[in-house]
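# just need the structure, nothing else, for what follows:
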Amino acid sequence: MTIMASKLIKRFGEKSAVAGVDITVGEGEFFVLVGPSGCGKTTTLRMIAGLESIDEGRLEINSRPVNDVRPRDRDIAMVFQDYAIFPHLGVYDNIAYGLRSRRTPGAEIRRRVGEAAATFRIEHLLRRKPRQLSGGERQRVALARALVRDAQAYLYDEPLSNLDAQLRHQAREDILQLHRRQRKPTVYVTHDQSEALSMGDRMAVMRAGRIEQVGTPRELYEAPASRFVAFFIGTPSINLIEAELSRDDEGIVITAPAFTFRLPERLTARLTGPVEGPVTVGLRPEDLHTPRQAKFAVGEHNTLQAAVELIEPTTAGSTVYATVAGPDGRLDLTASFAGRLPDRYVGQEVPLAADLDRLHLFDPVSETSLLRRDPS
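The predicted model follows:
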């Protein structure tokens with residue numbers, strides 16, 4: 001079973017909320033649509049569900065055109081942002097509602113509801129009304145209702161956005177458990193890139209109604225096709241620095257207001273654009289290290305002195321916000337350290353070494369990557 005959308009367009013008045021989206025969701029694949037609010041991801045999902053009409057383009061589910069098929073006839077299970085459970089029905093009846101509407105035999109309904117309730121640990125809640133449930137419990141009811149459907153495909157519209165941080169991790173596991181059990185094509189919409197990275201087999205980053213890039217989480221993180229994708233994917237966000245490329249007898253030099261780096265030969269071989277002129281340099285915080293922690297060669301070609309402004313402890317170490325003063329201006333940088341940097345370093349200068357093999361280079365006008373994807 002697959003979902004295939006080709007050049008989907010949806011207009012509201014003169015505005016195109018979705019402007020030519022192409023996606024293919026393979027059999028058993030968990031596919032994530034991610035992007036900022038208003039980028040068109042929920043509208044795309046609603047077109048797949050049949051809740052929004054398709055102005056142009058073609059949609060197929062399991063090789064069957066469904067542009068004009070009613071939502072109830074598409075055999076899709078959908079979990080909404082607000083869970084969409086009936087407040088006047090108990091938990092058992094909410095889970096069983098779809099089965100009853102399809103005239104499933106009573107014994108089969110009881111069996112499926114019991115199995116779904118056990119899967120999501122809500123057997124003790126079956127006699128309660130939604131108003132008696134917490135947000136996390138309501139979300140499990142919505143998931144259990146989706147599970148009993150045994151639909152051709154599963155759609156999720158930001159199902160975790162109403163949960164507090166403590167519940168989200170367990171809720172992600174619940175959703176992935178449902179997916180592993182059903183192994184049906186799944187489309188999951190979120191604005192949270194950490195959710196997308198941790199859950200998706202593949203993901204599409206959307207912007208202004210269009211898809212910027214499709215790939216695995218690792219591909220989008222390590223080889224972003226545009227400045228937008230590089231900035232949107234990753235926490236803390238990538239450092240973006242306006243610089244100049246130039247060539248000398250030894251190779252290509254990157255000159256920024258507060259540093260001068262030499263481009264490694266590995267990246268020079270992947271350059272697809274001009275080797276001289278303006279460029280936007282992308283350097284992820286986790287690719288900045290103290291020289292002692294660096295697992296790459298450290299020298300004048302890739303080190304700088306940074307004044308620590310703020311240290312933010314994290315579960316993995318610490319995030320350091322620093323500034324680098326240079327002859328042509330000041331540069332703000334964010335670095336992620338594997339260890340905890342003591343607070344006494346605030347206000348002091350520390351050396352930072354950049355892993356130049358992991359630099360990203362973008363055209364400052366088109367914002368597209370200037371590096372050909374590394375086949376390795």
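
# all strands for the stretch 51-200 of the chain, in order.
56-61, 64-65, 76-79, 153-157, 186-190 (DSSP state E, counting those that start in this stretch).

# relative to the third one, what are the paired strands and their orientations?
The pairing partners recorded for strand 76-79 under DSSP bridges are strand 153-157 (parallel).

# gap between the partner strand and the chain center?
Mean-position distance between strand 153-157 and its chain equals 16 Å (CA atoms, centre = their mean, to the nearest Å).

# now Val214: closest residue in space that isn't a chain neighbour?
Nearest non-adjacent residue to Val214, counting by CB to CB, 6 or more residues apart in numbering: Ala204, 4.5 Å away. Heads up, the C-betas are built off the backbone N, CA and C, glycines and all.

# Ala325 is nearest to which of the strands of the stretch 51-200 of the chain?
strand 186-190 (39.0 Å; CB to CB).

# and the closest one, C-alpha only, in PDB?
Only the C-alpha atoms of strand 186-190 are listed here, as PDB (Å, rounded to 0.1, in the frame of the first residue of the first chain):
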ATOM      1  CA  THR A 186       1.700   6.900   7.600                       C
ATOM      2  CA  VAL A 187       1.900  10.700   7.200                       C
ATOM      3  CA  TYR A 188       2.700  12.700  10.300                       C
ATOM      4  CA  VAL A 189       2.600  16.500  10.400                       C
ATOM      5  CA  THR A 190       4.600  18.500  12.900                       C
END
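
# what about it, average pLDDT?
For strand 186-190, the mean pLDDT works out to 96.

# enumerate the positions of that strand that are buried.
Buried residues in strand 186-190, defined by neighbour count with 16 or more other CB atoms under 10 Å: Thr186, Val187, Tyr188, Val189, Thr190.

# pLDDT score for Arg145?
At Arg145, the pLDDT recorded in the model is 88.

# returning to that earlier point: need the strands of the stretch 51-200 of the chain in JSON lines (columns: distance to Ile122).
Output for the strands of the stretch 51-200 of the chain, formatted as JSON lines (distance: least, CB to CB, whole Å):
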{"stretch": "strand 56-61", "distance to Ile122": "29"}
{"stretch": "strand 64-65", "distance to Ile122": "34"}
{"stretch": "strand 76-79", "distance to Ile122": "15"}
{"stretch": "strand 153-157", "distance to Ile122": "18"}
{"stretch": "strand 186-190", "distance to Ile122": "21"}
